[in-house]
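In: Build me a model:
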Amino acid sequence: MPRALLSVSDKTGIVDVGRGLAARGFELVSTGGTARTLRDAGLAVTGVSALTGFPEMMDGRVKTLHPALHGGILARRDRRDDLAALEEHGLGLVDVVVVNLYPFVRAASNPATPFDALVEQIDIGGPSLVRAAAKNFRGVLVVVDPDDYARLLVAIDDTPSLAFRFELARKAFAHTAAYDTAIAATLATIELEGEGFERRAPGSPAVPGDHLDVSLDKIRDLRYGENPHQRAAWYVERVPGSAGTVSGPGAPSGLGAATILQGKELSYTNLLDLDAAARLVLEFDEPAAAVIKHTNPCGAATGDSAADAYVRAREADSLAAFGGIVALNRPVDAAAAEAITSTFIEAVIAPAVEAGARDILARKANMRVVVSNFETLRSGGLEFRTILGAALVQERDVVAEARRPWGSVLPDTVRVVTKRHPTAEEWGALRFAWRICAHVKSNTVIFTDMIRTLAIGAGQMSRVDAVNVAVMKARASGSDTSRPLSGSVAASDAFFPFRDGLDAVASAGATAVVQPGGSVRDPEVIAAADEHGLAMVFTGRRHFRH
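Out: This next block holds a predicted model:
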């Protein structure tokens, strides 16, 4: 009689596959809770202890680590000496292994799980069974995913092909590899405090470790990469039964858990732009919108509603907004949907789309509409970037110094360096500009008021060039040609190395400036600001974006 070992933490479908195996003449061998579930369903089950001759020990820590099981799994069917060894010791073959692992990921996703309880969710016997069965895939069918249970039964009826066996084996090794990766990533967040172990608080900075494993599941192939001759695919980080970030396992979020409601297939560049747009609106608690082109904002704004914010962001540069990518940090309601569909937009991402907005958005059948929970990503995490032959890992940049309003009370690093202090309105505009500036490619200088961008000089080789591009954009929109940005404030993602950049900002009409400071020529730049009567604020923190 063929034999199947079933031992799962996720009981989804286990009774059905157990019943299917029993109907096909398999003896069911099982452990603990899985055995109880199968027996409660009326199935005959042989306990593991009946095979091994040993009871489950140490609260179940030791139950399947025994030659009676591993010998039957690892025995090579085409080796007479392997089969003779089994016969000599009175052991039988195991033909099917259905195993998934302790819910470590679920426990790790809960920051309240104590360290000792977390350790108890590290499976030992399960990965051993899975790896043994996958190693001997020519003779053993190994299943780790409930979605494969029906396929298993069909394959048994048709005689399992070598390709199917190998597919299951690869999936099994990926399962255990991702499980170990999740454990390693989580333990990297544990700190020794005296004689105790403490989990790093949620939102604490992620720290790149000495060794970093990443396991990815393909979401889908993409039509091509940035150009038609480049192949590309979209992946999410994989952990068993869920997904996680490189800073530790957890539920999938952001573009790793996006739902595409409508539109043409997403492209590689669409996804890059959606990411850039979502990052920007995450800086704001109030309703905010961004319109992105080639990962740079054409316009960004806040408003009383999603629709209000979107219209302001679009009108900040209506020419560039044509064919842009839009992000909102509020659900798309009917008013926002009407505004978005009034012009040509390639894609929209938001936390949700209200029922009343679905039919309105559907008028633009080709427009991609993506919903996802990216709120959980506000606190940062680690992010990767590949370079030739290597990879870079860094903490995600968050404009933490602008989380709270600026004015009479300032964060420790933020200070006024000029004779004139900003007015209340300028403080609001400077804080707004600083949060947007961090999401524009360096070198950048941008001009804003309190609620919207006015002109953006992105990705230039010098800050003077960045100002000139912004001024050119302002003039093209019909602003006064002599001082096209009169009454605005300006933000620079890094310091002005010479006063010429500051002079250009003043000539454009800005009345206040925010920048990191830190140049050896800061005194010269501060003196220039005083000459122009500008208020200038140093944040003490740079926000390059390459």
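
In: So the residue lying closest to Ala476 once chain neighbours are set aside versus Arg24, what's the distance?
Out: With CB to CB, 6 or more residues apart in numbering as the measure, Leu319 is the residue that lies nearest to Ala476, at 7.4 Å, once sequence neighbours are left out. The way it works is simple: take the backbone N, C-alpha and C, and place the C-beta from them, glycine included. Here Leu319 is placed at a distance of 67 Å from Arg24 (CB to CB, to the nearest Å).

In: Tell me which of the two has more neighbours.
Out: Arg24 (13 against 9; other CB atoms under 10 Å).

In: Asp157 is in contact with that one, correct?
Out: Yes: in terms of CB atoms under 8 Å, Arg24 counts as a neighbour of Asp157; the distance is 7.5 Å.

In: Break down the stretch 401-546 of the chain into its strands, ranges please.
Out: For the stretch 401-546 of the chain, the strands defined by DSSP state E, counting those that start in this stretch cover 415-416, 445-448, 453-457, 489-492, 512-515, 535-538.

In: Columns mean neighbour count, distance to Val326 and mean pLDDT on top of the ones you listed, output as JSON lines?
Out: What follows is those, written out as JSON lines (neighbours: other CB atoms under 10 Å; distance: least, CB to CB, whole Å; pLDDT from 0 to 100):
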{"stretch": "strand 415-416", "mean neighbour count": "14", "distance to Val326": "35", "mean pLDDT": "97"}
{"stretch": "strand 445-448", "mean neighbour count": "30", "distance to Val326": "19", "mean pLDDT": "98"}
{"stretch": "strand 453-457", "mean neighbour count": "28", "distance to Val326": "14", "mean pLDDT": "96"}
{"stretch": "strand 489-492", "mean neighbour count": "31", "distance to Val326": "22", "mean pLDDT": "98"}
{"stretch": "strand 512-515", "mean neighbour count": "28", "distance to Val326": "26", "mean pLDDT": "98"}
{"stretch": "strand 535-538", "mean neighbour count": "25", "distance to Val326": "30", "mean pLDDT": "98"}
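
In: And those strands: which comes nearest Val291?
Out: When these are ranked by proximity to Val291, the top entry is strand 453-457, at 9.6 Å, counting by CB to CB.

In: contacting residues around that closest one?
Out: Residues lying outside strand 453-457 but in contact with it, judged by CB atoms under 8 Å, 6 or more residues apart in numbering, are 296-301, 313, 316-317, 433, 436, 440, 444-448, 465-471, 473-474, 477, 484-485, 488.

In: Would you mind telling me which of the strands of the stretch 401-546 of the chain is nearest Arg363?
Out: Taking CB to CB as the measure, those were each checked against Arg363, and strand 453-457 came out nearest at 27.9 Å.

In: Tell me which strands that closest one pairs with, and in which orientation.
Out: Sheet pairing of strand 453-457 (DSSP bridges) gives strand 445-448 (antiparallel).

In: returning to that earlier point: skip ahead from the host helix or strand of the residue nearest to Ala476 and say which helix or strand is next.
Out: For Leu319, the enclosing helix or strand under DSSP states H and E is helix 318-321. Helices and strands here follow DSSP H and E; after helix 318-321, the next one along the chain is strand 324-328.

In: Put the alpha carbons of that following strand into CSV.
Out: What follows is the C-alpha trace of strand 324-328 in CSV, where atoms were taken according to Å, rounded to 0.1, in the frame of the first residue of the first chain:
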residue,chain,number,x,y,z
GLY,A,324,0.9,61.4,-16.6
ILE,A,325,0.7,58.9,-13.6
VAL,A,326,-1.5,60.0,-10.7
ALA,A,327,-1.4,59.1,-7.0
LEU,A,328,-3.9,60.0,-4.3
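
In: What strands flank it, and is each parallel or antiparallel?
Out: strand 288-293 (antiparallel), strand 345-350 (parallel).

In: What are the buried residues along the helix or strand following that strand?
Out: Using DSSP H and E, the helix or strand that directly follows strand 324-328 along the chain is helix 334-340. Of the residues in helix 334-340, those buried under the neighbour-count criterion (16 or more other CB atoms under 10 Å) are 334-337, 339-340.

In: Next: stretch 143-156.
Out: Residues of stretch 143-156 classed as buried by neighbour count (16+ other CB under 10 Å): 143-146, 148-149, 152-153, 155-156.

In: That one: end-to-end distance?
Out: Criterion CA to CA, to the nearest Å; first-to-last residue distance in stretch 143-156 is 13 Å.

In: Offset the numbering so it begins at 12, please.
Out: All set: I'll call the first residue 12, so the last point we hit is now stretch 154-167.

In: Is it correct that the residue nearest to Ala487 is in contact with Lys484?
Out: No: with contacts defined as CB under 8 Å, Leu330 does not count as touching Lys484, sitting 9.0 Å away.

In: ok, how many other residues are close to Asp232?
Out: Asp232: 11 surrounding residues under other CB under 10 Å.

In: re the thing from before, most widely separated two among the buried residues of helix 345-351?
Out: Checking these with CB to CB, the most distant pair is Ala345 and Ile351, at 10.7 Å.

In: Distance check, the nearest residue to Glu436 once chain neighbours are set aside against Arg442.
Out: Nearest-residue entry for Glu436: Met461, 6.2 Å, with adjacent residues in sequence omitted and distances by CB to CB, 6+ apart. Met461 sits 9 Å away from Arg442, taking CB to CB as the criterion.

In: For those two, work out which one has more neighbours and name it.
Out: For Met461 against Arg442, the residue with the higher neighbour count under other CB under 10 Å is Arg442, and the figures read 25 against 17.

In: Now do stretch 51-67, average pLDDT.
Out: pLDDT averaged over stretch 51-67 equals 79, rounded to a whole number.

In: buried set for it?
Out: For stretch 51-67, a neighbour-count test (16+ other CB under 10 Å) marks 54, 56, 58-60, 62-63, 67 as buried.

In: what sits up against that stretch?
Out: When contacts are defined by CB under 8 Å, 6+ apart, stretch 51-67 is touched by residues 16, 18, 26, 29-30, 33, 38-43, 46, 49-50, 73-75, 77, 79-80, 103.

In: Only the buried subset of these, as a ChimeraX command please.
Out: Restricted to buried positions by 16+ other CB under 10 Å, the ChimeraX selection for these reads:
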select :16,18,26,29,30,33,38,39,40,41,42,46,49,74,75,77,79,80,103
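
In: Out of the contacts of stretch 51-67, which sit inside strands?
Out: Restricting these to those inside strands, with DSSP state E as the criterion, leaves 16, 18, 38-41.

In: With distance to Gly335 and pLDDT as new columns, can those be given to me in CSV?
Out: Compiled in CSV, the ones in strands among the contacts of stretch 51-67 are given as follows (distance: CB to CB, whole Å; pLDDT from 0 to 100):
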residue, distance to Gly335, pLDDT
Leu16, 55, 91
Ser18, 52, 90
Glu38, 62, 91
Leu39, 58, 94
Val40, 59, 89
Ser41, 56, 88
